[in-house]
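Participant: give me a 3D structure for the following:
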Amino acid sequence: MKLARTGWVCESGCAVGLRRVGLMRGCGGVIPGKRTRRPQVGIDTSGQLGLFGEPAPPQCKPQGGVERALRFVEADASRIMLGGVRLDEHLQAMSIGWPFTVARLLGEQDWAPFLAKLSPNGRPPYAPWAMVGLVVAGILKGVNTLRALEELARSDLAVMWVTGGICPDHSVIGRFLLLHAETLSDSFFAGLTASVLKATGSDTAMLGLDGTVIAAAVARLGTLKAEALAAALAEAEAKAAEAKAAAEASETDREKAETAAAKAAAQVEKLAGAQAVLNERIAARTDKGKDAKGLSIHPDEPEAVVQPQKDKRTYAPSYKPVVLANRARVVVAGDVHPSCETAPVERLVEAALAHGQVGSLLADSGFNGAGTIEVAAKHDIELLAPEGRTLPGETATYKQSDKQIPKGEFSYEAASDSYRCPAGHSLRRLGACSQYTVYGGAPCVACPMRARCTRGAEGRQIKRYPCDAAKEAMRATLADPAGRARYNKRAGMVEPVFAHLKENQGLRRFRRRGLAKVRLELMLHLAAYNLSRAVVALARASGALFGGLLAAALRCLAAARSALRTHLRRILTALVSPNPGAAHV
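Facilitator: Down below sits the predicted model:
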């Protein structure tokens, strides 16, 4: 579609009218004091009737009479006409069914938390379900920027059905998302997920857990190490002092000087905050006995961590999103952390339990740790996570290593409280601390497997942690063919989620800065993804229903044809065969 003087004109030449609502409009109760000075436009639904004036079907709207207390910008997709054809008729004729599913599922949500933040005073705002519908519909079509969403609302017919025909400015969309960020990330996503689970007929009995790394909205080029950051901070402080002195001494252009001083002070505050975050990371890494000289940070995105990407070769400021998906590939919970995939696991499990009982949790080797094991034991959930990745063709559940024989090949004997090595030697208990117990003392000097096992002068030693008993139970389960078959379902459950987010929805890099805004962006993408799963499930169900009816009709037709053929055969037989009582000529 393209914009003409008289309205919108689609590729087929059908006109869709536009009308100006006002010369200047406030944010409609979104954020008081902010005004959008660009003219507001909207789809003109007045005076557009069909050839015979047939009534249009009502559009799905939220229940509960939410429009009584507040007045919203007029939006009714059922009144949008393309010449003499209603919008819904056109979409159905073109076999575009996903807007109807999306609009219906959005209509089932509870919008009271959104309405509580709106004011009945001032100009009418856009309805929250229409605004959210625009965002998720845009994400479904791979549109992630605010200006692209603004254009999409004015040009895409399918999106018009979801939004009711509203045409918000990009700044209004951005302020709406910031105002309702917490609601969109928590209660709205939970409610929408419940509707999608119902629509797909799936549950939370078996869940797949996985995480990935996605680059932040900044490049590595601007990252600074501790020394460079300290120098930049000192330089910024000197410039801020000079700007402050110049502002105090200025007599002619004092306002401009004060603005420059404020910008310099803001730069100092930004660099000081980044330095504090970097010092915390350096201290945490030093406490673990690791080298912290290579740590760096981006002052514009201090919450993002410079870490390896999926290719394991490049480093960039990024975040780690984590999701839980069921067998229908519906994401029941999601979260994001700057650097640790296992940190959000407990929040994810609690969010999943709100939708039903969780029986099994299937995760990769990155989640085979004490934190995930404790969460699973706390909620009585079976956890299946191998101890490491396996090589192609291998069935072992521990990480293959060329340096030494993995700990997984040492068997623990509870009766004697000792380990048995692959060569058959016993490793007895040597000592213990608050975190682990040390086992060793095997005759490793003359062992033929010493070169592959240890290089230490004291021989091979094993540390046993409190969570090792659970790891051994998981190892036994995964060694069983039935347990391994159950675990192999994980790849088809959760791996395609991130592939869809990156390839179809364009989530290869976060576009917002700060952990809170990054989490909002992730949850919006997951909400749109869940809607796509509902669309696919309902399309398959309708296709299966149609296929079943067609098969039944074909069976009835075949039966009728067979009966007719039998009846005709009997008639022909009666006509051809001679009458026994008649005389032969």
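
Participant: all helices of the stretch 451-585 of the chain, in order?
Facilitator: 468-479, 481-487, 490-503, 515-576 (DSSP state H, counting those that start in this stretch).

Participant: the shortest one: which residues count as buried?
Facilitator: Buried residues in helix 481-487, counted by 16 or more other Cβ atoms under 10 Å: G483, R486, Y487. The C-beta positions use only the backbone N, C-alpha and C, and glycine is treated the same way.

Participant: out of the helices of the stretch 451-585 of the chain, flag the one nearest M81.
Facilitator: When those are compared by Cβ to Cβ, helix 515-576 sits nearest M81, at 25.2 Å.

Participant: what packs against the closest one?
Facilitator: Helices and strands touching helix 515-576, by 3 or more Cβ pairs under 8 Å, 6 or more residues apart in numbering; DSSP states H and E, are helix 98-107, helix 128-140, helix 181-183, helix 189-200, strand 315-325, strand 331-337, helix 490-503.

Participant: and which of the buried residues of helix 481-487 is nearest to S185?
Facilitator: Nearest member of the buried residues of helix 481-487 to S185, counting by Cβ to Cβ, is Y487, at 30.7 Å.

Participant: report pLDDT for that closest one.
Facilitator: Note on Y487: pLDDT of 93.

Participant: now it: closest residue in space that isn't a chain neighbour?
Facilitator: Nearest residue to Y487, sequence neighbours excluded (Cβ to Cβ, 6 or more residues apart in numbering): L384, at 4.7 Å.

Participant: if I pick the one you found, what's in contact with it?
Facilitator: L384 sits next to S360, L361, L362, A363, M474, T477, L478, G483, R486, Y487, R490 when contact means Cβ atoms under 8 Å, 6 or more residues apart in numbering.

Participant: can you do 10 Å?
Facilitator: Residues in contact with L384 (Cβ atoms under 10 Å, 6 or more residues apart in numbering) are 206, 209, 360-363, 367-368, 376, 397, 474, 477-478, 483-484, 486-487, 489-490.

Participant: give me the distance between it and G371.
Facilitator: Distance from L384 to G371, counting by Cβ to Cβ, to the nearest Å: 16 Å.

Participant: follow-up on the earlier one: nearest to N279, of the helices of the stretch 451-585 of the chain?
Facilitator: helix 515-576 (18.4 Å).

Participant: contacts for stretch 219-233?
Facilitator: For stretch 219-233, contacts defined as Cβ under 10 Å, 6+ apart pick out 267-268, 270-272, 274-275, 278-279, 281-282, 292-301, 304, 306, 314-318, 509.

Participant: let me know the average pLDDT across it.
Facilitator: For stretch 219-233, mean pLDDT is 93.

Participant: and if you look at stretch 259-266?
Facilitator: If you average the pLDDT over stretch 259-266, you get 92.

Participant: which other residues reach it?
Facilitator: With Cβ under 10 Å, 6+ apart as the test, stretch 259-266 has contacts from 236-248, 250, 253.

Participant: next one: it to chain centre, how far?
Facilitator: Here stretch 259-266 is found 38 Å from its chain centre; the criterion is Cα atoms, centre = their mean, to the nearest Å.

Participant: so for P422, what's the pLDDT?
Facilitator: 90.

Participant: got it, and V73?
Facilitator: According to the prediction, V73 has pLDDT 85.

Participant: any idea how far it lies from A553?
Facilitator: In this structure, V73 lies at 47 Å from A553, with Cβ to Cβ as the measure.

Participant: who's more crowded, those two?
Facilitator: Set V73 next to A553 and count neighbours by other Cβ atoms under 10 Å: V73 wins out with 20 against 10.

Participant: quick one: contacts for the closest residue to L192 other than its chain neighbours?
Facilitator: Leaving aside its sequence neighbours, L192 sits nearest to A527 (Cβ to Cβ, 6+ apart; 5.5 Å). By Cβ under 10 Å, 6+ apart, the contact list for A527 reads 106, 132, 135-136, 139-140, 184-185, 188-189, 191-193, 196, 331, 334.

Participant: go on, G334?
Facilitator: With Cβ under 10 Å, 6+ apart, G334 has these contacts: 185, 189, 193, 211, 321-325, 344, 347-348, 351, 497, 519, 522-523, 525-527, 529-530.

Participant: again, only this time at 8 Å
Facilitator: For G334, the contact set (Cβ under 8 Å, 6+ apart) comprises F189, P321, V322, V323, L324, L348, L522, M523, L526.
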